[in-house]
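A.B. asks: just to be clear, the model below is a prediction. Sequence and coordinates:
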Amino acid sequence: MNFKQRNRTKLAKIEIGGYKSFSAKNPMTINMSDINILLGANGAGKSNIISFFRMLNFMMSGSFQKYVAQNGTNSSILHYGPKVTPVIDGHLSLSNSGGRDYYDFKLSAAASQQLIISEEKITWEKKVRTIRFQVY
């Protein structure tokens, strides 16, 4: 195993609340491994987990509004629509040999049935020091 393999950053945990079938009051938490298999009954949310990763891809490439336009209004993306669930909460935890990084975000219902990124936070925790860095 070389240095790059030992120090690779991998997704360790995701938490999704308020997105499609995942309630904000009882968010879906998935602890990730090197290999992950989604098993469950029909309607359990397997496809929604995959679409959550697709949404993240659009967010990170700067085309989040394109995702919303292609996948319906905020009523179809928010758990039971914006009157019941006005915000999607997402929490990603990434780890490598140097520490753990966190990406937290909130997507809020906006005018014209849109969603906007209303909050983002990146936190770095490095093992070398006990200092926590945050970017808002």
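C.D. replies: Perfect, thanks for sending it.

A.B. asks: just the strands from the protein, written as ranges.
C.D. replies: According to DSSP state E, the chain carries its strands in the segments 10-17, 28-31, 87-96, 99-109, 115-126, 132-135.

A.B. asks: least trustworthy helix or strand in this protein by mean pLDDT?
C.D. replies: Least confident helix or strand of the chain, by mean pLDDT, DSSP states H and E, is helix 3-6 with a mean of 55.

A.B. asks: contacting residues around Asn74?
C.D. replies: By CB atoms under 8 Å, 6 or more residues apart in numbering, Asn74 lies in contact with Val68, Gly81, Pro82, Ala109, Ala110, Gln113, Gln114, Leu115. (Each C-beta comes from the backbone N, C-alpha and C, glycine too.)

A.B. asks: are any of the residues you listed buried, and which?
C.D. replies: Using 16 or more other CB atoms under 10 Å as the burial test, those include Val68, Pro82, Ala109, Leu115 as buried.

A.B. asks: tell me the two of those residues that are most distant?
C.D. replies: Farthest apart among the buried ones among the contacts of Asn74 by CB to CB are Val68 and Pro82. That separation is 12.4 Å.

A.B. asks: which residues does the residue nearest to Thr29 when sequence neighbours are not counted bridge with?
C.D. replies: Spatially, and ignoring its direct neighbours in sequence, Thr29 is nearest to Glu15 (4.9 Å; CB to CB, 6 or more residues apart in numbering). Beta-bridge pairing for Glu15 (DSSP bridges): Thr29, His91.
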